[in-house]
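> Here's a sequence, model it:
(one chain, ligands or ions: 3)
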Amino acid sequence: MFMKGILLVNLGSPKSTAVPHVREYLDEFLMDEKVIDYRWFFRALLVQGIILNTRPAKSAEAYKTVWTDEGSPLIVITQKIQKKLQKLVDVPVEIGMRYAQPSIEAGIQKLVDQGVSEIVLFPLYPQYAMSTTETVIEKAEEVRKKKFPGIKINYIQPFYNREIYIDCLAESIREKLPENFDALQFSYHGVPERHIYKTDPTNTCNLNDCCSRENNPSHQFCYRHQCFDVTNSVIKKLGLPKEKVMVTFQSRLGKDKWMEPYTDETLETIGKKGIKNLAIVCPAFVSDCLETLEEISVEGKHQFEHGGGENFHYIPCLNDEDRWIDVVKTLCEEKLNEFYLV
Ligand SMILES: C=CC1=C(C)c2cc3[nH]c(cc4nc(cc5[nH]c(cc1n2)c(C)c5CCC(=O)O)C(CCC(=O)O)=C4C)c(C)c3C=C
Ligand SMILES: [Fe+2]
Ligand SMILES: [Fe+2]
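Ligands and ions are numbered 1, 2, ... in the order given. You can find the predicted model right below:
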């Protein structure tokens, strides 16, 4: 009898806010060729020769502002999701991080120690990206082949267009929206434009109208399309007019051209254009983390106020809301059941 289990995978955080730990984490993260997709020599030159000289100290300061007594918000929230899900399913649930600890390997080992040989692995990213879903699957396959050749892994695909997820996100936003707002901004983590072209198997995405066209086969791997699709589906559910909604991309790094418009530049300018009351949500993240709690809630608020805005309202991620745990459960159970079919 094959025993099944679930591995929830998130991005990962440094071990602590100490600069050496942040450096170690950034080194692993940014030396991933699915994240900084230059050839090894140029990646090492950029990451180890330039970025790691200054960024760890700056990032460590940022992490200090969001760190809790229990640790990194991203990891603490992922653990909360694990605990709640574990109460709802009768197979073991563990977590693994793509970078740093607890690793994907440690998560699989914990499952194997409990007798599991068939794993449903859930990359906790609604939209597909080379730097998220793809690198998680690649890493898990590498670990499986090297260390656990006898186990099977079934991967949950990006769920950006699943109705249960859209309903859940829309309801969560509806509950948290302030009574009066001039605009609702959807701020997604950005990626370099090059990544979109690189992962498009059809070579048809022009980073513009193609992302909004219906049924283009490039959509399956187009992060940009998937971000717009989530936005459109959610605002339809909320009954919001398009004129009241903005989509922007945050967290860019380096000198490459990233997807536009940029969140920070938008926040700096919209106040003067008459948007005084802003609500902002970050649906590329299922759990709050440095990029939402510091970059948006704190820095983004300053940028908005600096540019003439008045009321800034950050809408938290789904985190461990019960309705989201139900979605996680449903998506996991679908994949668990597929094991019976093969
Ligand atoms: C949600 C999806 C994410 C995508 C897509 C993504 C791409 C991406 N990120 C970087 C560089 C950095 N990201 C950092 C933090 C970070 N990124 C995500 C998610 C996505 N990244 C999360 C959830 C977090 C937070 C982690 C935490 O511990 O809370 C950081 C580190 C922090 C910092 O120094 O700002 C970097 C660097 C690139 C280059 C990239 C695509 C190519
Ligand atoms: Fe596209
Ligand atoms: Fe990132």
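> Shouldn't F159 be within a helix?
No: assessed with DSSP: H, G, I helix; E, B strand; the rest coil, F159 is coil; it does not lie in a helix.
> And it, how far from ligand 1?
Taking C-beta to the nearest ligand atom, to the nearest Å as the measure, F159 falls 13 Å from ligand 1. Every residue, glycine included, has its C-beta placed from N, CA and C.
> Excluding chain neighbours, give the residue nearest to that residue in space.
Y165 (4.9 Å; C-beta to C-beta, 6 or more residues apart in numbering).
> Looks like A57 contacts H21 (just checking).
No: A57 lies out of contact with H21 (C-beta atoms under 8 Å); the separation is 12.0 Å.
> on that earlier part again, surely the residue nearest to F159 is in a strand?
No: counting by three-state DSSP, Y165 is not part of a strand but helix.
> Pull the contacting residues for the closest residue to P123 other than its chain neighbours.
Closest residue in space to P123, ignoring its immediate chain neighbours: V136 at 4.3 Å, by C-beta to C-beta, 6+ apart. By C-beta atoms under 8 Å, 6 or more residues apart in numbering, V136 lies in contact with V9, R98, I104, L121, P123, Y125.
> For the fourth one, what is the enclosing helix or strand?
Secondary structure assigned from DSSP states H and E places L121 in strand 116-123.
> Now do the helix or strand following that strand: distance to the chain's middle.
Next helix or strand after strand 116-123 toward the C-terminus (DSSP H and E): helix 135-147. Relative to the centre of its chain, helix 135-147 is centred 19 Å away, using C-alpha atoms, centre = their mean, to the nearest Å.
> in helix 135-147, what counts as buried?
Buried residues in helix 135-147, counting neighbours by 16 or more other C-beta atoms under 10 Å, are found at T135, V136, I137, K139, A140, V143, R144.
> relative to strand 116-123, how tilted is it?
Comparing the axes of helix 135-147 and strand 116-123 via axes from the mean of the first three to the mean of the last three C-alpha atoms, to 10 degrees yields an angle of 160 degrees.
> re the thing from before, between A57 and H21, which one's more packed in?
H21 (17 against 11; other C-beta atoms under 10 Å).
> Checking my notes, the more buried one in a strand, right?
No: applying three-state DSSP, one finds H21 to be helix, outside a strand.
> wouldn't I108 be in contact with K147 here?
Yes: I108 lies in contact with K147 (C-beta under 8 Å); the separation is 7.5 Å.
> And what about the residue most central in space within the chain, helix, strand or coil?
A centroid search over the chain (C-alpha atoms, centre = their mean) returns F285, at 3.8 Å, as the residue closest to the centre. When classified by three-state DSSP, F285 comes out as coil.
> My read is that it contacts C317, right?
Yes: the pair F285 / C317 is scored as a contact, 5.1 Å apart, by C-beta under 8 Å.
> Just the strands from the stretch 51-200 of the chain, written as ranges.
Counting by DSSP state E, counting those that start in this stretch, the stretch 51-200 of the chain has strands at residues 93-97, 116-123, 152-155, 183-189.
> who in the chain is up against ligand 1?
11, 13, 26, 35, 55, 59, 72, 74, 125, 129, 131-132, 189, 191-192, 251, 253, 284-285, 289-291 (C-beta under 6 Å from any ligand atom).
> Filter these down to the buried ones.
Using 16+ other C-beta under 10 Å as the burial test, the residues of the chain next to ligand 1 include 11, 13, 26, 35, 55, 59, 72, 74, 125, 129, 131-132, 189, 191-192, 251, 284-285, 289-291 as buried.
> Against which helices or strands is the longest helix seen in the chain packed?
Using DSSP state H to define each element, the chain has its longest helix at helix 322-341. Under the contact definition 3 or more C-beta pairs under 8 Å, 6 or more residues apart in numbering; DSSP states H and E, helix 322-341 sits against strand 3-10, helix 73-88, strand 116-123, strand 152-155, helix 163-176.
> Not counting sequence-adjacent ones, nearest residue to the residue in the stretch 201-342 of the chain that ligand 1 sits nearest to?
Across the stretch 201-342 of the chain, the shortest distance to ligand 1 (C-beta to the nearest ligand atom) belongs to C289, at 3.1 Å. Using C-beta to C-beta, 6+ apart and skipping residues adjacent in sequence, the residue nearest C289 is L74, 4.0 Å away.
> In contact with the one you found, which residues?
Here L74 is in contact with N10, L11, G12, S13, S287, D288, C289, L290 (C-beta under 8 Å, 6+ apart).
> Just give me the closest of the residues you listed to E243.
Nearest to E243 among those, counting by C-beta to C-beta, is D288 at 28.4 Å.
> That closest one contacts P316, correct?
Yes: if you go by C-beta under 8 Å, D288 and P316 touch, sitting 5.7 Å apart.
> So for those two, which residue has more residues nearby?
D288 (21 against 17).
> Check that one and give its pLDDT.
In this prediction, D288 carries a pLDDT score of 98.
> before we move on, what SS does it have?
Put simply, D288 is coil when judged by three-state DSSP.
> Format the contacts of L74 as CSV; extra columns: distance to I235.
CSV is the format used below for the contacts of L74 (distance: C-beta to C-beta, whole Å):
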residue, distance to I235
N10, 27
L11, 27
G12, 31
S13, 31
S287, 23
D288, 22
C289, 24
L290, 27
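> Can you pick out the most distant pair from these?
G12 and D288 (14.7 Å).
> picking that back up, for the longest helix of the chain, report the contacting residues that lie outside it.
In contact with helix 322-341 (C-beta under 8 Å, 6+ apart) are residues 2, 4, 6, 8, 81, 84-85, 88-89, 91, 118, 120, 122, 152, 154-156, 159, 162, 164-165, 168, 171-172, 286, 318.
> That concludes my questions; thank you for your assistance.
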